[in-house]
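*Asks:* Here is my input; please provide its structure:
(2 chains)
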Amino acid sequence: MAGPLDGIRVIDVTEGAQGPWAGALLADLGADVIKVERPQGEMMRQGGPRKNGFPLPHVGMNHGKRNLVLDVKTPEGLETMLELVRGADIFMENWRRDVSARLGLDFESLRKINPDIVYGSASGFGEAGRYGPLASTDGYSQAMEGYYSLNGPPGGPGERPRFIVIDFTSPLTLVQALIMGLMERDRTGEAQWVHCSQLRTLHALAAVRSEEYFASGEVPEPMGSASAYCVPSQAFKTADTYIAVDCPNEASWRAFCTTILLPKLADDERFATNALRVEHRAELVPILEQAMLRFEGHRWLEKLRAAGVPCSRVNMDIEDLYDDPQVVANSLIVTRTHEDVGWVRTNEVPWTLSKTPAVYGPLAGKMNEHGDSVLAEIGRVPAGSTAAS
Amino acid sequence: MAGPLTGSLVLDLTQGDGAPFTAMQLGDAGADVIKVEPITGDWARQLGGPFNHGDGPLFMAMNRNKRSIAVDIESAEGRAIVLEIAQRADILVHSFPHAADAARLGLDYATLEVLNPRLIYCDISTVERSGPDAELQETDLTVQARSGLPRFLGQRGQPPLRYGSNYAGVTASLYAVQAILAAMYWRNKSGVGQQIETSYLRAMVATQQNYLTSFSDPDDTSSGGFYISHLEPPAQGMETAGQRVEMGFNFARDPKAIDKVAEWLGILDEMHTTYPATAERPLGQQDNATLRPLVARELKSKPYAEVYDKMMELGLQWAPVHDYGTLYQDPGILEQDVVRTVEHPVRGTIQQVSPAWQLDQAPAEIRLGPPLLGEHTDAVLGEIGYDAARIASLRATGAVA
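*Replies:* Residues are numbered from 1 along each chain as shown, chains lettered A, B, ... in the order given. Predicted coordinates:
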């Protein structure tokens, strides 16, 4: 059985992470995704560690796609692109503002040749507005959105989680928008223009801190491993390692008190509800920190898990993820092979669908790897000059 | 114009620190979302502090565009109500704590598929439903810790840090919505629903995919600097007189932009003297490391307004390092429709963060604020055919509230 988007053809001209990962997810869901790459190669061809000459971030981020190299700045290249768009359901771009119009590949131009195209635009700071023209990468979006200010040791200026906050979440909203665009297109028969930006996505995914600000009027600050709205919910030092402990409800709080041999805390009226524990955190947390020094981390995990208290090791290396018992038991990390690249460690698809299974497609290899087959499908003879490597 | 899911009914059985965001996004897209809560309410309602006016920020952030019905799902009458809604629903989302819960409650996919073949059934767990730890109670925090996210924050040897938002739960929800929408798209053609599963942990593995692929060559230890950034000091931006900023010396519209910055800050001669190589060629991205300490030193005394004007003029890659105080005062942010207002039955007019995506032809609307517990119990029961006397009797026995 094919994926739920079987039969949908996507023209993906995006570069970097935001767009390409969205295209890969559409491919996982069964779409025929054609990545059209400029002759110089997209920006991720330059970046990151390599294996057998291939940039490893690109290899995974563009899996499941067919690759065609076109120079749309030449009349022939543009003509070929328009021919591809005529037969496509989705066109997706993350160019800087004005590029699509300059190339003649903006929404209005494409809907003239394909009146029910779904056109997806992904940006950093929006397509309109004063920040629209600024180039954005993960860190700059985090700075602009205020995400730095939510992380870091207490009392500090805030800091940026390094790299993965927005580059791999804004593609998720792009995929949502594109599928909704398909649904709306089918309903109305009309072309659709859908958008996502890193700024809006990050703002939406951190909405809990905005709500805290809206309710209190106080600017959220870095809180180490602790939570503004739940106590206890943090990493505790044990006799050896740190472990994370979370008590999101009264049952887990009570079980925690019993496990750390301080059952009377559960009956202390200062700490009777989560809201009170948040209010009296300065009195409560030192008591808990002291108690947690008594045993080693693995011993606490054993005891707390038996008592039903949410807790975890604090894993500080990617190798810990390879070894995580749930990752292993559910095969969430898979080693795949590409004939040119060799073996590559990848994620498993992020969802399972019972009747239209998602499938992680072939890893991305050379530029123009599928150029001939794509061109042949639209009745064009491959030009030797596009066969870059 | 209305959202693409207008006319669809969603049965939301989720609670807590991430999964409810799934049904909220479906509500933003126009669906009628019925949130079935225990009589004591979604546990996220309690997560807050003295700054709340009722429900805590997690609940307020993930439950707008929903109607709430409080039901004791452990009672036979309560289960009958939920089953009644499930038979009419297009989409069901749950995040039951244990793998066996759904079947015990008669709400597993095998049962519901027979009653409602069109149903799209989405199960969001924290660490998957099978495996040695599947029965453990886990949360956004513990999955962040399990997934190795703390390595992206702080410094080795210091106490570990967490992401300052419910990152694992929300990311799993972003993924869940994709699969639900794709399944809806397929159902529009086939007429058949299906079961979807994802988890916080699965989402955190997918989110780190570029790290997984990048650590695939054990012989290459030289080229991965970017991917061991977690061993370096944290990025915190640079001070100006008024507002921290982040700045990079690439992506410039003007090829001379970097020289112009150096000139503006009065460090061009110093650069050339200290690093003679820079005097013999135009400055470029490769000079980032050299420039940064000098730029940081000079920026401290520059008024932010001047920095802003210069950066906008040159088109360099830059951003103010906002906190949530300055964020909501920045006209460049506010003009992007990032906040909307909606009425709340207790708080009056409240602010809500706008949906992330924008559909020009079917825009998202915030029609309902986050509901009070059981705010719509009577209305929803009325819609599925319960009369006032029956509702009163259910309320008297504690099956609904």
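*Asks:* Quick check: the residue of chain B nearest chain A.
*Replies:* Going by C-beta to the nearest C-beta, chain A is nearest to B:Gly164 of chain B, at 2.7 Å. Where C-beta positions appear, they are placed from N, C-alpha and C, glycine not excepted.
*Asks:* Now stretch B:300-315 - C-alpha only, CSV.
*Replies:* What follows is stretch B:300-315, C-alpha atoms only, in CSV (Å, rounded to 0.1, in the frame of the first residue of the first chain):
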residue,chain,number,x,y,z
LYS,B,300,28.6,48.0,23.8
SER,B,301,28.6,51.8,23.6
LYS,B,302,26.5,52.1,20.4
PRO,B,303,22.9,53.2,21.0
TYR,B,304,20.6,50.4,19.8
ALA,B,305,18.7,52.7,17.5
GLU,B,306,21.9,53.4,15.6
VAL,B,307,22.8,49.7,15.4
TYR,B,308,19.3,48.9,14.1
ASP,B,309,19.5,51.6,11.4
LYS,B,310,23.0,50.5,10.3
MET,B,311,22.0,46.8,10.2
MET,B,312,18.8,47.4,8.2
GLU,B,313,20.7,49.7,5.8
LEU,B,314,23.5,47.1,5.1
GLY,B,315,21.2,44.1,5.0
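*Asks:* give the contact list for B:Arg64.
*Replies:* Applying C-beta atoms under 8 Å, 6 or more residues apart in numbering or on different chains to B:Arg64 gives the contacts B:24, B:27-28, B:342, B:352, B:366, B:368-370.
*Asks:* remind me, longest helix of the chain?
*Replies:* Defaulting to chain A. Taking residue count as the measure and DSSP state H as the definition, the longest helix of chain A comes out as helix A:170-188.
*Asks:* wrong chain, I was asking about chain B
*Replies:* helix B:167-190.
*Asks:* Could you see whether chain A lies near that helix?
*Replies:* Yes: interface with chain A: helix B:167-190 contributes B:167, B:170-171, B:174-179, B:181-186, B:188 (C-beta under 8 Å from any C-beta of the partner chain).
*Asks:* quick check, A:Arg299 in a strand?
*Replies:* No: the assignment for A:Arg299 is helix, going by DSSP: H, G, I helix; E, B strand; the rest coil, so no strand is present there.
*Asks:* That one and chain B: what is the separation?
*Replies:* Taking C-beta to the nearest C-beta, to the nearest Å as the measure, A:Arg299 and chain B are separated by 16 Å.
*Asks:* and that residue, how many neighbours does it have?
*Replies:* Neighbouring residues of A:Arg299 were enumerated by other C-beta atoms under 10 Å in any protein chain shown; the total is 14.
*Asks:* For stretch A:107-125, the averaged confidence score.
*Replies:* Computed over stretch A:107-125, the mean pLDDT rounds to 97.
*Asks:* Flag every buried residue along that stretch.
*Replies:* Of the residues in stretch A:107-125, those buried by neighbour count under the rule 16 or more other C-beta atoms under 10 Å in any protein chain shown are A:107, A:110-111, A:114, A:117-125.
*Asks:* now stretch A:97-108
*Replies:* A:97, A:100, A:103, A:105-107.
*Asks:* Mind listing residues that contact that stretch?
*Replies:* Applying C-beta under 8 Å, 6+ apart, the set of residues contacting stretch A:97-108 from outside is A:13, A:72-73, A:78, A:81, A:85, A:91, A:93, A:95, A:109, A:119, A:121, A:123, A:127, A:132-133, A:191, A:193.
*Asks:* so the longest helix of chain B versus helix A:170-188, what angle?
*Replies:* 20 degrees (axes from the mean of the first three to the mean of the last three C-alpha atoms, to 10 degrees).
*Asks:* and helix B:167-190, how far out from the chain's middle?
*Replies:* Centroid separation for helix B:167-190 versus its chain: 14 Å, with C-alpha atoms, centre = their mean, to the nearest Å.
*Asks:* Which is the succeeding secondary structure element to that helix?
*Replies:* Using DSSP states H and E, the helix or strand that follows helix B:167-190 towards the C-terminus is strand B:195-199.
*Asks:* which stretches of the stretch 51-200 of chain B have low pLDDT?
*Replies:* When residues are selected by pLDDT under 70, none of them lie in the stretch 51-200 of chain B.
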